[in-house]
Structures are given as structure tokens and as C-alpha cells.
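Novice: Pasting the sequence and the predicted model now:
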Amino acid sequence: QVLFWSTQAAPVEETQKMREQVLSGFEGGVDFQASETGPFLTRLSAEIQAGSGQIGVVGALHGDLATYADSFVDLSDIDLSGVTVSDAFLELGKLGTDEQKYLPWMQANYVMAANKQALEYLPEGADINALTYDDLIAWAKTMAEETGSPKFGFPAGPQGLKHRFFQGFLLPSYAGSTVTRFRSAEAETAWEKFKELWQYTNPASTNYAFMQEPLLSGDVWVAFDHIARLADAFNQRPDDFVAFPAPSGPAGRAFMPVLAGVAVPTSAPDMEASKALVKYMMQPETQVATLLATNFYPVTDAPLPADLPASARALGPAITAMTTADDALPALLPVGLGDLGGQFNQVYTDTFERIVLGNQPVRDVLDQQADTLRSLMEQAKAPCWLPDVPSEGPCPVE
Amino acid sequence: MRARALPYLLLLPATLFLLVFFVYPFVEIAVLAITRDGSLSLQPLTTMATHWKFGAALGWTLLLAAIVVPIQLAMALSMATIVTKLDRGRSAFLYIFSIPLGLSDLAAGIVWLAIFEQSGFLNSMLHGLGIVDQPVLFLSYQNIWVIFIAIVLAEVWRATAIVMVILVSGMGLIPKEYYEAGEVFGASGWQRFWKITLPLLRPSLQSALILRTLAAFEVFAVVTALGGTTLPVLMGETYNWQFALQDRNVAAAYALVILGISIAATLFFLRVLRVPKGATI
Amino acid sequence: MAEIVIKNVAKRFGSFTALHSIDLTISDQEFMVLLGASGCGKTTLLRIIAGLETPSEGEVWIGGRRVDHLPPRDRGIAMVFQNYAVFPHLTVFENIAFGLRMKKLPQAEVERRVTRTAELMHIEQLLKRYSGQLSGGQRQRVAVARALAMEPDVILMDEPLSNLDALLRLEMRAELKGVLANSKTTTIYVTHDQVEAMSLADRISVMNGGKIVQAATPVEVYRNPAARFVGSFIGNPPMNFLPAARVASGQWRVADIDLPGPAASGALEFAIRPEDVEIAPEGFRAIARVIEPLGAHTLVTTEVDGKLFRAVLDSDLKVAPGDELRLRPKPDRIRWFDPETTMAV
Amino acid sequence: MAEIVIKNVAKRFGSFTALHSIDLTISDQEFMVLLGASGCGKTTLLRIIAGLETPSEGEVWIGGRRVDHLPPRDRGIAMVFQNYAVFPHLTVFENIAFGLRMKKLPQAEVERRVTRTAELMHIEQLLKRYSGQLSGGQRQRVAVARALAMEPDVILMDEPLSNLDALLRLEMRAELKGVLANSKTTTIYVTHDQVEAMSLADRISVMNGGKIVQAATPVEVYRNPAARFVGSFIGNPPMNFLPAARVASGQWRVADIDLPGPAASGALEFAIRPEDVEIAPEGFRAIARVIEPLGAHTLVTTEVDGKLFRAVLDSDLKVAPGDELRLRPKPDRIRWFDPETTMAV
Amino acid sequence: MSVTATDAPRKVQSARSAGRVLFWACVLLICAWVLVPIYLLMVNALSSPQQVSAFPKTGLPGFDFGSLQFFATFAGVGRALWNSILVAVLTMVLSIGIGGPAGYALSRFVFPGKEVFRMLVVMTRAFPLPLLALPLAVMFIRTGLDDTALGLALVHTVLAIPFAVLITFSLFSGIPIELEEAAWTLGCNRWQAFRKVVLPLVLPGIAASAVFAFTISWNEVFAAAVLTIENRTLPAFLIQNLNVSPLHLKFAGGAALVVPALIFIFAVRKYLFAMWGIANR
Ligand SMILES: Nc1ncnc2c1ncn2[C@@H]1O[C@H](COP(=O)(O)OP(=O)(O)OP(=O)(O)O)[C@@H](O)[C@H]1O
Ligand SMILES: Nc1ncnc2c1ncn2[C@@H]1O[C@H](COP(=O)(O)OP(=O)(O)OP(=O)(O)O)[C@@H](O)[C@H]1O
Ligand SMILES: [Mg+2]
Ligand SMILES: [Mg+2]
């Protein structure tokens, strides 16, 4: 049995599906264990430190994997004939080294979802598939005023993925950059806008991790979240909700994909079995099964079946609409930050908390956080990544 | 001499055990707080101290402990007194009172979230009574004090039983002759409680308070469940630095702060509730 | 006014009856001593009066108020517990001051009273100690001082001096009597020390098996026991009993001599106190068995007519076990009991 | 062989010295009674012998073995605690059987011994009760029974009968003496009851303020107190003391009469027991102050030469407070003490 | 005079019965305080996903066993349950076995180093476990303790020892040393005296601290998740991901954890509450 140690598919239902539908086909047998980041990292570090252990395959988000670049074996010798993997993803999987530290496993994206009741409050002339941030603000405002309570929702809870929104959606849409123009006037506007939106945002958002629940309970009518965290709403009441692309700003319709990868730690007890499992994970059938289990999309060219669940049917088109929009502005996951990824995220969360929740002056906060960001980039010596202009040496914060 | 060595012999297993399973890993971690990349450095401590959330986390943690612990103490004392007063159905009520003993903080957080949530039971009840027509959002970052109260309620609900059971077993050991003497000498029930029960309960109070306060300084799961990161606490920050920010040095620094206030509180209780030499039963 | 009236009080512990319908009146300011065998219910009676135990039946009145349902603190009493119940967490001073603090007396008054009663009990040098640092007798005196300091209407003392040496007890006894008389306190006092009982009591109540057998003045109890039990119980050593057979009306044969007695029919029991016999040629034939010197006197346990018979004789008398003595009862000290009812005739 | 030798034992509690260098030998099978004022260190001494307290100095030998460093159970002792220490979680039976079970005696033997000692102590009907359901005296008897059942070499009893009524105590006393003599047990017995001390003891040790003042036979202690303290402490009421001024060699003036005495120089103290005075025309001029009837006798507290002077007189004597009496000390009973050293002359 | 006299007891009686009513009101209030949240948890656990997110809620269970069934049908639940019990019982035995003697030593002896030891114990409780987990896990992997019930029990014992030490300390402080002394003179060595005299008197309290140990272990998730893989305990198996699971499963998972603990406390309540102790001295 290979121990598959994962942060993904952690919700118990997904875990169950992973075990029963995705991994049951693997010959050697898989023990799929999904845990929270804390135990996940602790166990992984312990095995790496001890030099031996039970973990055969690690499955996690790009950011988590980046920490352990030194401790993963090169996976370039895995025979991937018959599957085509996105090159951009494969490049990310090298974690800034020459070796294939992880193989992309599955991808996802963030979209918007709305209760159909909300549609009648949509500002006049706005196209739901081509919303701007201003439209969104107006929409949220109308809903709040008409219904008496704010109906826009945002996953700003401790487990929420809010930082990705700032890094990959809000800032690039306004400033066309995540890092370099962190404290530019455009960035300032972006935050001002978000603050405006926040006025019409359900204050319980600071507790939300998964937007599907407030959507289902009706506390929230319009929400932004990770597709996997919206899926349940569509699966439970497919006719009540619509999915649509994230809004656009002056610099374009920025979005950030989510990438999860599988890696094999050097301490894996049975290297062969581990690699076999990695290979198994890349197979088209597995990739499709994974989609069904987790609402994460394949990273390969696996053909999607027709009988997708309601969530996939609703969310897929929204993603496509977003990624293929005229003004699409893809933002990549951070590269080369290593174990500073967490602190990088924290810069954005802190900025959010201070400006929006703490009501501190935008300018001052940006200036201060920019210093932190700059020293982080210098510490990591990480060059810029999309949408920032590639740099020599550490990515500069202007 | 055997008698002189005996206490040390009795402490030996515990000491050895703690040395291996606590002190050794503890030292390994504690060192992190004052080093950076293997060399001595104050950086983790300064990073922690200058982080904008540190003050708030420390403040909220202390405030929570300062409010929760006294409430729990008062409640546990009344519950324990009630239990000792009961003659019929004592074990049934004691059982009910001690039910929360078996609950994890995780479960407690879930339970109280179900109550305070926007579409939760409290709103349902208020709605049913016609007090509100729109569900009220209790746990919002704007109502930080409501969050605080909810956390206090959840903590009180969850962890009072621990204090109570310690006190009940302590009260069981107080000979009733002292109460009788108190009664004869004019002490009302209330005065007996203050003048006899409490002083004679000092060892148990000491233990219960120390254990409870330490746990209060480590409050975390309930806070996250009810308040997200709106209400930062030390333990939450420790977690954050350890796992989200992956800076184990700063996390260790936070842990040392928790340790520091815990020891301070313990010393305080040991001092305030010490039994004078000779005043033992 | 703190007259204590106990009406028909009974107390059962499960199937065991500790008190059988007690009726007793202790008048205001009276010093009543309770005497009785170990386990006869003295403590239980005190506890019922104090309100620490609920009677199974009957009423308790103190100072004209019915107090059955009042808690102890509303009964205007203080009590010395048989096992002291000195608070271990308080110093001697605070122990004595306990009741006064409950009454919220001003500090100066508290100190005055504590100092006074502590001096009375000779424990003034121990005021700062805790009960764990005291000897048994010292602890007992703290318990007494604590009760005295209250200056209550009624004081209940359960063997308050049992752990004190004779000298101290003598002194305490005199001081107690004085203090309690001065403060006009009604006192119920349990003791096993008959000398103490005799010297302190206005009246003595003798209890037996949960009943009160006789309640009378000390001399009366000693000289004219109302029942065989009282005679056998009071006096150290107690009365001697011998069966008496009727010879003629008012004439009884006891052991080997004839004595004048009451004009009853049937059998009777002859009784005499050990100190009321003297060596005389015409007495009982007694074989000395055990000789115990008591200081000024010697207690000689003899056998008369096959029965145990004790005599307290002058210690100058030389006697050895096995010697034959002739013991004559002083005629005016002879008492007679009915063996059926065990009552005095 | 269980001779107890105490060599130079001292005990300090912090700055307080409870025992000052005690030297005492209790021979095998001896019945030694400890007498002394409350707080003089009796319990402390017993606890040191038992091994419950470590002496600050000195040695304890039992049966020829030095036992200072042995735990209590290896000393072959049993002890009756002053406050009983009856186990609350065990029935009376199991309390008494406790030590026997520790010795792993067969059940039959345990039952035999428990029944026997319980009968001896008259608690056979209480065997199934818990200590909370016993009266004070009953509890005390359980404590005694528990120690007796052990049939130890040495038994230490700390006021074992203090809570019993006189009758029972008399009985217990006799039975204890018999049982302990039969089993050849060495006994140390603390009591406040001087009658008990007198009647039980082979020897009496009188303690005062942490020292042993006299260790001698009862009669010796009573008649010839080695120190003023012994005279003042033993005897109930105790000796009377009056200052004596030298008139001529061997001739002393005490109050208003001249008496022959020792040929000492300086001042002396005259001492006489209250029962050793008689009404006679040529005695001290004494003004009666308090009259206490004691049954067979009357205790008259008088004033002689401005000093308190007690006399035990026949109860037939009619006397009222304020009466003037003439009290003559029996010449052979007069004792003299040196007021400096307080020792007998 | 006689009128007031006969009146007096009645007045008192009515005052007493008023007190009685108040007393029982308090008892019931506390019961409600404890039970209502549990009830709500059960309501949610027994409701369908729709009912859980519906508003307003009725407060009545929907008797939909779907969510609970989901957990019950997890492969390996039985084994995880068994592991949990095994670990919890081991923890109980270890912590009392190691902590009890230490508590006794603290209560009975005065010796140099006492305060140091007490601080060591307190520190154990005051230092966040998640930080210690890493060095411990490394140590366990190297020594082969990893992924064994014993290994996890050792870590849980670290958490439970402060309870064991401090609670037993306070209990022993309540037993008069004289009872022990009496036992010594009756032929017991220290251990026998302890077992025959002290132990029966403190047994309820010991049971209390054993229950703590049990529930601490039962509810501990972090170390369980790190240190067990094959031999997972129930919380690590079921609910460590509860935070990121949908609401209805959160509740069902919470209930799945709570119910066994309740059953356990119910099963041991007899020991916990046998308060015959010393009170009838
Ligand atoms: N722990 C202690 N600390 C300080 N003083 C103590 C302590 N224990 C006993 N003492 C003192 O030592 C002296 C001797 O005590 P001990 O108990 O031996 O007296 P005792 O002769 O048995 O008296 P009693 O007849 O009243 O029982 C007393 O004055 C007592 O106050
Ligand atoms: N809780 C109880 N259960 C059963 N019997 C009890 C209880 N309490 C006391 N008794 C019994 O009631 C009787 C009276 O007890 P009490 O304490 O009044 O005796 P006492 O006269 O004070 O005796 P002593 O002189 O020995 O103290 C005793 O025989 C005792 O065994
Ligand atoms: Mg009694
Ligand atoms: Mg003593």
C-alpha cells in the first residue's frame, strides 16, 4: 500500500470519493489520507528530517509543495506517454530547479456564483459574463439596498482563499501586476474599490471558508470562490444558481488558476510504487474521476465525459468564459518563494485586514506592506512571474 | 536515608517521562525562538513583537482568560455546591453537569456556531418569537464584542465541567464537622461557603485554576470556529506562523509567550491560594 | 430568657433508635449536666438541640420559641464539639473569633473577647498557631474558647475537658462555672467525669439507652438514685448490689447478715456505695481480690456471697488479696431497688 | 523482650522545643503511665517511639534494637491515637482486622481476634457499622480494639479511655490491665485520669514542659513527689503549698503554726495533700470559701494566711462559706520543697 | 407570645421552600444550559443537509440518518474506534501511574526542588503541542514508536500528566496524614497504607482525573493525525478535516465524537461520583 498524503480533497466526502472512486483502481492499493495543513506539514517534515517514513506520495497545492523542493525526487523519468500535460504547469512543477519536483495533478479556478434571485438586481446593461468591478459594486449595492441586507459574499474566513483573490484577481485587474506595482496608485484604487464593495458585503464573510454554504442557506446571493468550494451549491440545487466569470478591471480580467501537484518525498518507503501511483494519477480515467470527486479539473488533455455532475456542468463554462475572454489576464501562482509562500500570502491578507477590516489609511498600509513584500522577495531571490514583467534578480517592488 | 529519598523516587517516573517526551522536544523548539538559521538572533522575538497582530492577540487572549476563568470558577463552584447539597438524583445531575467533559473544543465550536450562525438556532428562535424578521448577523467582524461573548459562552459551556469535577472531588474530602461548627457559630450558608468551603478547598482550587487558566491561554479551536481571524489569539497566531507562514522560529517565540504568561499565572495562583504551613487538615 | 424545653423528642438512625421520646426542661441559667454510658445518645441530644440533627419526632423549644425548624445559627446557641471541629485553616485566634466575625462585631470587641477567653483557657500564647500545631488538649481548649467567646444564651458542651489533665481541668471547671454563671448562660454539659458533674451541675440528667432516667440535683442523684442504673452508673467505683431476701416485713437477709429495710413483698436488691462501708466485726464476710491504691484511699475489690463487692477503705489499712474482711454498710446509706422495674423502693 | 530505652531524645518544631532531652527506660512488660499537663509533650514522645516523628536528637531503642531509623511497622508496636484515626471507609470489623490482615493471618484467626477484642471493648454489636455511625466513645473503643487485636510487643496508648463514662472506664481499665499483663505487653499509657494512672501503672512518669520530672511507682509519686510540680499536678485536688519560714533548726513556721521539719537553711515550702488534713483545734486558721460536694466527701476550698488551701473533708461535716475552720496537717504526710530548685527536700 | 412562637417555624418553612424552589430552578437552569446545545448538535446531526442549512430552523430533528450513516459506513471506523479506546486507556493508565506518585509526593513531603517540579508540570500544559509534534514525530519515527498506539498514548500522556499530578495532589492534600500513620503503626509499609487507606478515600477523585486523561486523549486530533497512519484514532480518522467539511457533516462528525465520550462518562460515573469519601468521618 502506498500512503498518499494530501492536503487536497480534505472534506470528508471528497476524501471518501477519492478512496472509493479514484484510487480504488490502483493495483498496489492506496491509503489516501487528507489532513489539514498543520498535521500535513508536520508529518512530512518529520519524515524528511528522520530520513525515513511512510509517505509514498504527497499531493498538495503548488504553494505547499514549493517549501520542500529539496526533498522531492525527480519525477522526469515517469513515462507519461499517452497523456499531454500543460507545459506551463510542468514548468511550475520544477519549482525553479532543473528537476521535475512534482507533476501537476489537477487544476481549478475561481469563479463567481449567483443565486438566480439576484439576477433581477443586476445593474442595467451589465452582462453577467462580462462584469466589471464597478458593475459588481453596483449590483451588490442594489441588492443590499433592496433586500435590506448585504448579499454579496466573499471567503474571508480563516480557511478562506481570500489571498488568491487579491493576488490573482483584484490587483492584476487594476494594476496589471501582483508584486511590482503593489503600492502603485492603481493598486490604491483597487483597494478603494474593494473597500466600497465590502460595504455591501455580508459581514459574516470573515467567517466564511466555503461559499457554497451561505449560498445554500440564502445568507449570500452572489459570491466569489474556488470552484471546489462552490460545487455543493450547484450539486444540491442546480436550478437555483448560475456561475459566471470574475469581473474585470481597467487592466483586464485577471484570474489565477489553482494548481495541485503530486510529488514523491526522498523518504518514501517504496519508490517504485510511489512513482507508479504518480503515473496512475496522470491517466485520463483517473483525471476524470478526480474531477468527479473533487471538482478540480484535469491538467491533461483527458476527454471529459458527458454525464458530468451539475457543478461541473455549470462551473466549466464559466471558467472557459473567463480564461478565454478578450481581456483575459492570467496571473500565475508564485514561483520560487520556497517556504516563504505563506508569508507572501500573509502580506495580502494583512493588507486586506488592515485596510478593509481595520479601516486604516490605504496609502500607509500599502507602503508598510510593500516593505515587507520587498524584503520577502529579496530573501527569496525570486524573479517576477506573470503578470509581472520578468526581472533580473529578485522581483522588485516599486 | 530512605525517607528523604522517597519524594524524589516518587517524582522520578514523572520527571524521566517529561524529560524525554517534553523537555527534550521543548528545548529543541524553544531554541528556535532565539535563533535564526542556526545562529543566535533576536529576530524571531522582534518579528513577533512588532507584528501588528501581536498586541491584539495577546490582549484578546488575556482578556478572554480574565473573563472566562472567573465565570467558570463561579459556575463550577455553584454547580459543585449544588451537587453536594443534592440528596436525591445526585448522580444523575452530576452526570448531566459533567457531560461537556467529553467534548472536544472542535465540537464545542461547531455547536455554538450552529447557534450563533446567521441561519442558526438563535436567529430561528428570535424569528419564531417575532423579535426579528431578518436574521441578525451576530458573528460579524463589526460585532467583535458579540463574537467575544459567543466565544466566552462556548468556552464556559465547554470547560466548566472540568473545574467542577475537580472541585466536587475536593469538596467530598472536607469533613462535615467543619460545616456543622460553622453553622453553630452563626455562619449563614453563604458565609460557610466563603469561610469554610473555599479555604479548605484551596488545594483543589489551586489545581483547577491553574489547569483551567493554562487551557484558557491556549484557546484556539473555539475562537476560529466562531470568530475566524477577526479575533486574534496567541495560539491562533502560533498556528499561523507555524503552518501558514511556515516560520517556525516566530511560532516558537509565540509559544514562549504563552508559556511565559502561563507560568506567571501559575505563580500567581500558587501564591494567592497557598496553604500556610501547619494549616493543613 | 433561655429556657430549653425538649418535648417527646425521638431520634432514629435507620432501624436503630438512638433517643426514645425524651422529655426534659432546662430552666433559664441552669447548669445541666448530662451523664450516661458511652453511646447512650448524649451527643445526639445535644445535636438535636443545636439543630444539627433533625429529631424524628418531638419538639425543641428555646427561650419560648419553637426552634425545630430553625437553622442552628438562629437558635442563639454555641457548642463545643466532642471532636473539637477546630478549623484547620484558621489560626487559633481566628478560630476563636469565628463566631464573633459572623456577628460582625467590631474588631476591638473581637480582640477583647478572644484575648479574654484565650486567657481563661490558658492558650493565649498559642493564638498564632494553626490547629495542626496544637496538642489534643490545646485543641480542645480552643474549641471551648470559641464557644465561650460567643457569649450565647445557651451553650452546649460535649465533653469539653476530656483531654485535659486533672489540674487544668480543675481550674477550667471552676472558671467555666464562674464565667457561665456571670453571663447568665443556660448550659448543657456532657461529661464522663463524675466529680466534674457533681461539682458543676445544678442538676444532673442521667441517660441510659436513649432515655432519661433521672434528672435531679447532684447530691440527690448520688444519694438517692431513682433507678438501679443510676446507682450503678454514678459513683466511682459505683454502688454495690446484692440480692435481698425477705425475712420478715421490713427485715431482709443480704448475704450473711440481716438488715432492716422497706416493707415490700417479693425480692429486693440491696445497694450500698463502696465508700459507705467500713471495717467492722459484724459486716459482710468479704474476701479481698484486688487491691488498688488510689492515693488517700484504697479500692478493695472483694467477693461477698460470690458477688463482686467494692469498698473504698482508708489507705492505711493493710490488706492483701485473699484476706478476709468484715464490711459493714452504714445503715443510713443503704438503698433498695425493685429488681423487676429496677426502680428505687 | 521489649524493653524501651529512650536516650537523650529532643524534639523541636521550628523554634519551639516540645521535648528537652528525655531519658527514660521502660522495662519489658512494664506498664508505664505518662502523666503531664496538656501540651507538655506526651503525644510527641509517643509518636517518636512509634516512629511517626523523627526526634531532633537522641536515640530510641526497643527490645535491644536501635529503632530510630526503622519505619513504624518494623518496630513491633501498636498505637491508640489521641483522636482515634479510625478509618472512615472501613467497617468496625475491618478496622479492627486491619493490622491482622496486614500480617496475613488466616481468616479464622482474624475473626477470632476481632471478636475477642470487640467483646472486650463492648463493641461487638457495632461490628458492621462505619465510623461515621458511631458515638465518640464507641469510636475510641474501636481504636483501642484495633491496637489490642495486634497483640504487639509494645502498645502505646494516647488517652485511650478519655471519652468513656466512668463505669465503662473502670471496667475497661481492669480488662486492659488483665489483657496486657497476660500478653506480656510493654505498655506506655497516656492518661489524664489520675485514678486510672494510679490503678494501672507499674510506674508513672510525670512530664512537665517537655521534661520528665519523676518516674516512680504510683504510691511514691503520690506520697513523695520529687518536685513541687509533681505534688501540684498529681492528686485531685492537688497538694496545698504554704511558705515556711525558719524558726529554728528543724523548726518551721507555716501560716500561724509551728511545725517540725528538715534541718535546712533559707526558706522552704510546706506541702500537704487536701485529704491529709483533718479538723482539729490546733490547726491552721482557715476561712471556708467554696464548698463542693463530691459524694462521699466534700471539697472545701479555704483561705489560709491569704493563700488558697483545699481540704477534702467528710461530707457529713456541715460547713458554709465564711465559716472558720481549724485544719491540722497529718504530720507524717507533710512534705517540704526548696522554693529555688522546686525539688523535694 | 405563643402566637408568634407557633408562627415562627412556619415562616421559616416557607422561606425554606422558597429557597428550595430557587435551588431547583438553578439546577434545572444549569441542566438546560448544558443539555440544550448538545440537543441542538444532535438535532443537526440527525437532519438532512437541506434542513441543516434551512432557515428558520424548527429545533426538531429531521431524523435523517444520512450524515451519520456517512461516517458509520467509513471503512475502518471500527478499527479507528478500537485504536482510540486503546490509546485513551493507555493514556489513562500511564498518566495516573506516573502522575499519581508525583501528586502524592507534592502533597505529603516538603523537599527542595518541589517548586521546580511543579513548574515543569505546568510548562508541559502551557506549551502548544503542535510545535512539539515535529520533534516528537522525528523521534518516534527513528525509534519505531511511530504509528503505534503506545507512541500516541505517550504523547497524550504528556498532555494528561499535569491533570493527573495536580488533581491527585489536591486530593491527597485532603486526606489527614493521621489515617496513614495509623496504618503504618498497624503494620503497613508506605505503599500498603496508601493502597488500603488513602486510595479508597480518593478513588472518586482519581477516577475524575482518569476521566480527564481519557477525554483528553479521546479528543486530541493534532498529534493523532501526525503520529498515526495505519493505526489511526477516531478523531484523526473522522474529523480532523471537519473544519473544511460541509456543515451537515461537521455536525454529524461532532456527534460521532461526542456520543462515545458521553457513553464513557456515563459508564464510569459510578466511580467518578462515589462520594462516600471522608465526609462521613
Ligand atoms: N507541628 C507543631 N508545630 C509546633 N508546635 C507543635 C506542633 N505539634 C505539637 N506542638 C506543640 O508541642 C507541644 C507538645 O505537644 P503534644 O501533642 O506532645 O502535647 P501532649 O502532651 O500530648 O498534650 P495533650 O495532653 O494536650 O494532648 C505542645 O505545646 C504543642 O503545642
Ligand atoms: N449515623 C448513625 N447511624 C447509626 N447509628 C448512629 C449514628 N450516629 C450515632 N449512632 C448511634 O447512636 C447512639 C447514640 O450516639 P451518641 O453519639 O449520641 O452517643 P453519646 O452518648 O454521645 O456517646 P459517647 O459518650 O460515646 O460520645 C450510639 O449508639 C451510636 O452508635
Ligand atoms: Mg458523644
Ligand atoms: Mg496529646
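Specialist: Right, received. Where do you want to start? Ligands and ions are numbered 1, 2, ... in the order given.
Novice: next helix or strand past the helix or strand hosting residue E:164?
Specialist: Per DSSP states H and E, residue E:164 falls inside helix E:149-173. Beyond helix E:149-173 in the direction of the C-terminus, DSSP H and E gives the next helix or strand as helix E:177-185.
Novice: Let me know whether stretch E:191-198 sits next to chain B.
Specialist: No. Residues of stretch E:191-198 are not located near chain B by CB under 8 Å from any CB of the partner chain, the shortest gap being 10.4 Å. Where C-beta positions appear, they are placed from N, C-alpha and C, glycine not excepted.
Novice: Could you check that stretch and say which residues are buried?
Specialist: Buried residues in stretch E:191-198, counted by 16 or more other CB atoms under 10 Å in any protein chain shown: E:192, E:193, E:194, E:196, E:197, E:198.
Novice: Then stretch A:349-359?
Specialist: Residues A:349, A:350, A:351, A:352, A:353, A:354, A:355, A:356, A:357 are the ones in stretch A:349-359 that count as buried (16+ other CB under 10 Å).
Novice: Check whether the second one really touches residue A:368, as I assumed.
Specialist: No. Contact between residue A:350 and residue A:368 fails when scored by CB atoms under 8 Å: they sit 9.2 Å apart.
Novice: coming back round to it: quick check: mean pLDDT of the helix holding residue E:164?
Specialist: For helix E:149-173, mean pLDDT rounds to 90.
Novice: Which neighbouring elements make contact with it?
Specialist: Applying 3 or more CB pairs under 8 Å, 6 or more residues apart in numbering or on different chains; DSSP states H and E, one finds that helix E:149-173 contacts helix B:2-18, helix B:144-171, helix B:202-217, helix E:77-108, helix E:114-126, helix E:129-143, helix E:199-219, helix E:222-227.
Novice: Residues of chain C that sit close to ligand 4?
Specialist: Residues of chain C lying near ligand 4 by CB under 5 Å from the ion: C:135, C:136.
Novice: Of all residues in chain C, which one is closest to chain E?
Specialist: When scored by CB to the nearest CB, chain C has residue C:69 as its residue closest to chain E, at 4.2 Å.
Novice: next SSE after the longest helix anywhere in chain C?
Specialist: Taking DSSP state H as the criterion, chain C has its longest helix at helix C:166-182. On the C-terminal side of helix C:166-182, the closest following helix or strand by DSSP H and E is strand C:186-190.
Novice: can that next one be found next to ligand 2?
Specialist: No. Applying CB under 6 Å from any ligand atom, one finds strand C:186-190 separated from ligand 2 by no less than 6.8 Å.
Novice: where does chain A dip in pLDDT?
Specialist: Scanning chain A for pLDDT under 70 picks out A:338.
Novice: same question, the stretch 101-250 of chain E
Specialist: E:238-244.
Novice: Show me the contact partners of stretch A:319-335.
Specialist: A:62-63, A:66, A:88, A:92, A:95-96, A:109, A:111, A:129-130, A:167-169, A:172-173, A:176, A:178, A:227, A:244-246, A:248, A:251-259, A:297, A:341, A:344, A:382, A:385-387 (CB atoms under 8 Å, 6 or more residues apart in numbering or on different chains).
Novice: Buried residues of the helix holding residue E:164, list them for me.
Specialist: E:149, E:151-173.
Novice: again with stretch A:246-262
Specialist: Within stretch A:246-262, the residues scored as buried using 16+ other CB under 10 Å are A:246-249, A:251-262.
Novice: Give me the subset of the residues you listed lying in strands.
Specialist: A:253, A:254, A:255, A:258, A:259, A:260, A:261, A:262 (DSSP state E).
Novice: Might you name the residue of chain C sitting closest to ligand 1?
Specialist: Residue nearest to ligand 1 within chain C (CB to the nearest ligand atom): residue C:137, separated by 2.5 Å.
Novice: what about the closest residue to that residue other than its chain neighbours, how many residues close to it?
Specialist: Of all residues not flanking residue C:137 in the chain, residue D:38 sits nearest, at 2.9 Å (CB to CB, 6 or more residues apart in numbering or on different chains). Other residues near residue D:38 number 24, with proximity taken as other CB atoms under 10 Å in any protein chain shown.
Novice: Confirm residue D:38 sits in a helix?
Specialist: No. Residue D:38 is assigned coil when assessed by DSSP: H, G, I helix; E, B strand; the rest coil, not a helix.
Novice: State the distance from it to residue D:139.
Specialist: To residue D:139, residue D:38 is 21 Å away according to CB to CB, to the nearest Å.
Novice: what's the answer for residue A:223, then?
Specialist: Counting by CB to CB - residue A:223 and residue D:139 are separated by 76 Å.
Novice: Over to residue B:104?
Specialist: With CB to CB as the criterion, residue B:104 and residue D:139 are 48 Å apart.
Novice: Could you check which of the two is surrounded by more residues?
Specialist: residue D:139 (27 against 23).
Novice: mind listing the helices for the stretch 51-200 of chain B?
Specialist: B:54-85, B:90-97, B:105-116, B:121-128, B:144-171, B:176-184, B:189-192, B:198-200 (DSSP state H, counting those that start in this stretch).
Novice: Just the element for residue C:142, please.
Specialist: Short version, using DSSP H and E: residue C:142 is in helix C:136-149.
Novice: Can you name the element that comes right after that helix?
Specialist: Following helix C:136-149 toward the C-terminus (DSSP H and E): strand C:154-158.
Novice: Packing partners of that following strand?
Specialist: Applying 3+ CB pairs under 8 Å, 6+ apart, one finds that strand C:154-158 contacts helix C:42-50, strand C:77-80, helix C:136-149, strand C:186-190.
Novice: Please tabulate these in JSON lines and include distance to residue C:92 and mean pLDDT as additional columns.
Specialist: Shown next, in JSON lines, are those (distance: least, CB to CB, whole Å; pLDDT from 0 to 100):
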{"stretch": "helix C:42-50", "distance to residue C:92": "23", "mean pLDDT": "93"}
{"stretch": "strand C:77-80", "distance to residue C:92": "15", "mean pLDDT": "92"}
{"stretch": "helix C:136-149", "distance to residue C:92": "5", "mean pLDDT": "92"}
{"stretch": "strand C:186-190", "distance to residue C:92": "23", "mean pLDDT": "93"}
